[in-house]
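Enquirer: give me a model of this one.
(one chain, ligands or ions: 2)
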Amino acid sequence: MIRYSRYLMPTTKETPSDAEIVSHRLMLRAGLLRKVASGIYNYLPAGLRVLRKVERILREEMDRAGALEVLMPAVVPSELWKESGRWDAYGRELLRFKDRADREFCLGPTHEEVVTDLVRREVRSYRQLPLSLYQIQDKFRDEIRPRFGLMRGREFFMKDAYSFDANDEAAAESYRKMYEAYCRIFRRMGLDFRAVEADTGNIGGSSSHEFMVIADSGEDAIVSCGTCAYGANVEKAECNPAAAEPTGKETSVGKTGSPRKVSTPGKRTVEEVSGFLGIDPATLIKTLLFETSVGDVAILVSGTHEVNEIKVKNHLGADFVRLAGEERVREMTGAPSGFAGPVGLPVRVIADHSVRAIASGATGGNEKDVHLVDVVPGRDFTPEGYADLRMVREGDPCPRCGGALRFSRGIEVGHVFRLGTKYSEAMRAVYLDEGGKERVAVLGCYGIGVGRTAAAAIEQNHDDDGIVWPISIAPFEVAVIPVNVKQADVMAAAERVAADLDTHGVEIFLDDREERPGIKFKDADLTGIPVRITLGEKNVAAGFGEIRDRKTGETLRIPLTDLAKEAIALVERKKAECAP
Ligand code: ATP
Ligand code: MG
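Expert: Numbers count the residues shown, from 1 in each chain. Ligands and ions are numbered 1, 2, ... in the order given. Predicted structure coming up:
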């Protein structure tokens, strides 16, 4: 049992101005956290209790999934990072330094290299696979803009796990197990989350899911289906092919046997051109020019849609794509930007499916102040192919089931990733198969930010008075508040119920401070302890105490003899809300 009078949980009214989001403010105000330097914190006792609870759930579920806990060093020699090629590729988020003998090291921002080195030394045979290892450990990333408290720190705890398998099929199974473990983890924390398909970036690989806690303050835009379980990062969200079927949309200008030039002085944007010509913007064939690692490319999309650069990059298999600047546009089209079009364009042309829906449209004439109308895809220009290259929009049909897609914001708390053989090839992590042949192991990696998850839980669970912790990660389960500690019978009743609950394994926070009742109640709300037992003078004299549910505010007056029993029942109900 913890007594507030002997505890360090310094609650405050004020917060520094750099605490921009509610979880950061509440963690400071509730006395869980104190800043030491930008993105670097002291965790105070109650804050650490929360993190330890998160970690405990992580450990239990990792163990259940068959992963083995290890602990790798925070300080990593540069040689390993040079072997994987990331010493040069990683950039300034990697904090590098030298030891007294002038050897280079970094603080590990993630541990693929270290774990691959460990496994290549210890695993020789297919019989030792599959092998999954995990750790919960301090990471350091020198983030450009550390902010939002534990949400984006520089030093932070992460649970990182790595799977090693003999082949792709087995790796898919390891991935599935981790995915399931992640679902259990976030359900046990009582969080509203979505697993969304994420872009795999330059690493490629077959799959990657981000686990997003739904919250308006989230940095990521995510798309989810209102009907089925489909979810994706906006960058990755697919368009339903059915949405791209031809609708026979035509420019109202009238269709002739060939495109007609029209003068559009100074009209560049979709709004300007469609307004000026009096046509449906959906019939405008927007032409965007990109410089890419595989050469110049023109991407076509209907005027009411936006091009998704990540889809373009993935479609081309390019290392980079960037929108061409004014000068390059002039070189490619012979016209200032705003007048590009696919007819007669001497550049590779690829069209989004939305262009197929245009029977006859308008587009740029590759000439200053000129557009073309009555342009028929397939007749007047032929793209090298049609592909899904646009951003999805709210209300678009779901690619899986056709239901309506909706947008929301999310906080990325976890990430599961099929790495394939990138690290095992670069670092020669090989094993001998059944026939004695050397093969490279197939990897997966799986991260969860401990502090970020706790912060996300607050973003999702708070009210005007403070934090409303899900009970599984609350610093304490029940707060016991003797309204006036100087009254012997009140204090005795409080001690009694606290001791009773304590022996039943309930985590008790006894506010035995000589403070005004108003302050105690405010602090109890602020710190978000799920259940509060209040012992006031009149109630105790009449043989009663109160039980209050932090989340609903519901308060019950209960005979002192039943107080512990009723509190336990409420705790149990709250625990059931955090069932896996
Ligand atoms: P982000 O895009 O938010 O920077 P990331 O893609 O760099 O995240 P990963 O490398 O996949 O993140 O790390 C795994 C997990 O570690 C993340 O899902 C997140 O919970 C946590 N994490 C990453 N960076 C930070 C940070 N700066 N502070 C706190 N937690 C972090
Ligand atoms: Mg990052």
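
Enquirer: does the closest residue to ligand 1 within the stretch 51-200 of the chain belong to a helix, a strand or coil?
Expert: Nearest residue of the stretch 51-200 of the chain to ligand 1 (CB to the nearest ligand atom) works out as residue 156 at 3.9 Å. No exception for glycine: its C-beta is placed from N, CA and C like everyone else's. Classification of residue 156 using DSSP: H, G, I helix; E, B strand; the rest coil returns strand.

Enquirer: any idea what it is bridged to?
Expert: Residue 156 has these beta-bridge partners by DSSP bridges: residue 139.

Enquirer: the residue nearest to residue 273 when sequence neighbours are not counted: what's it in contact with?
Expert: Spatial nearest neighbour of residue 273, chain neighbours left out: residue 267 (4.8 Å); criterion: CB to CB, 6 or more residues apart in numbering. Residue 267 makes contact with 273, 276, 338, 369, 371 under the criterion CB atoms under 8 Å, 6 or more residues apart in numbering.

Enquirer: picking up where we left off before, count of neighbours near the residue of the stretch 51-200 of the chain closest to ligand 1?
Expert: Neighbourhood size, residue 156 [other CB atoms under 10 Å]: 22.

Enquirer: can you check residue 235 too?
Expert: Residue 235: 19 surrounding residues under other CB under 10 Å.

Enquirer: returning to that earlier point: ok, so of the contacts of residue 267, who is nearest ligand 1?
Expert: Nearest member of the contacts of residue 267 to ligand 1, counting by CB to the nearest ligand atom, is residue 338, at 33.8 Å.

Enquirer: ok, now which ones touch the nearest residue in space to the closest one that is not next to it in sequence?
Expert: Using CB to CB, 6+ apart and skipping residues adjacent in sequence, the residue nearest residue 338 is residue 268, 2.6 Å away. Residue 268 is in contact with 337, 338, 339, counting by CB under 8 Å, 6+ apart.

Enquirer: helix or strand right after the longest strand seen in the chain?
Expert: Longest strand of the chain, by residue count under DSSP state E: strand 405-420. Along the chain past strand 405-420, the next helix or strand (assigned with DSSP states H and E) turns out to be helix 422-426.

Enquirer: and the stretch 401-550 of the chain, which of its residues are near ligand 1?
Expert: Applying CB under 6 Å from any ligand atom, we find that the stretch 401-550 of the chain lies next to ligand 1 at 412, 413, 414, 415, 447, 448, 449, 451, 452.

Enquirer: err, the chain, not the other one
Expert: 110, 141, 143, 152-153, 156, 158, 412-415, 447-449, 451-452.

Enquirer: from those, pick the one nearest residue 470.
Expert: Taking CB to CB as the measure, residue 413 is the one of the residues of the chain next to ligand 1 closest to residue 470, at 13.5 Å.

Enquirer: for the closest one, give its distance to residue 330.
Expert: Distance from residue 413 to residue 330, counting by CB to CB, to the nearest Å: 46 Å.

Enquirer: quick one, grab the pLDDT at residue 246.
Expert: pLDDT for residue 246: 53.

Enquirer: likewise residue 200?
Expert: pLDDT for residue 200: 69.

Enquirer: next one: residue 359
Expert: We have a pLDDT of 88 for residue 359.

Enquirer: renumber starting at 12 from here on
Expert: Let's use 12 as the start, then, which means that last one is residue 370.

Enquirer: show me what the helix or strand hosting it is packed up against.
Expert: Counting by DSSP H and E, the element that carries residue 370 is strand 369-375. If contacts are counted by 3 or more CB pairs under 8 Å, 6 or more residues apart in numbering; DSSP states H and E, strand 369-375 sits against strand 260-261, helix 281-288, strand 295-303, strand 381-386.

Enquirer: bridging residues for the residue most central in space within the chain?
Expert: Residue closest to the average C-alpha location in the chain (CA atoms, centre = their mean): residue 423, at 1.2 Å. Beta bridges link residue 423 to residue 223 when assigned by DSSP bridges.

Enquirer: my guess is it contacts residue 231, does it?
Expert: Yes. Between residue 423 and residue 231 there is a contact under CB atoms under 8 Å: 5.7 Å.

Enquirer: list the buried residues for stretch 140-150?
Expert: Residues of stretch 140-150 classed as buried by neighbour count (16 or more other CB atoms under 10 Å): 140, 141, 142, 143, 144, 145, 146, 147, 148, 150.

Enquirer: so which of those belong to strands?
Expert: Of those, the ones assigned to strands by DSSP E are 142, 143, 144, 145, 146, 147, 148, 150.

Enquirer: could you dump these to TSV with pLDDT?
Expert: Shown next, in TSV, are these (pLDDT from 0 to 100):
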residue	pLDDT
142	98
143	98
144	98
145	98
146	98
147	98
148	96
150	97
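
Enquirer: between residue 424 and residue 341, who's got more neighbours?
Expert: When residue 424 and residue 341 are compared for neighbours, residue 424 comes out ahead with 28 against 14, by other CB under 10 Å.

Enquirer: with adjacent residues omitted, what lies nearest to that one?
Expert: Spatial nearest neighbour of residue 424, chain neighbours left out: residue 464 (4.6 Å); criterion: CB to CB, 6+ apart.

Enquirer: cool, thanks, signing off.
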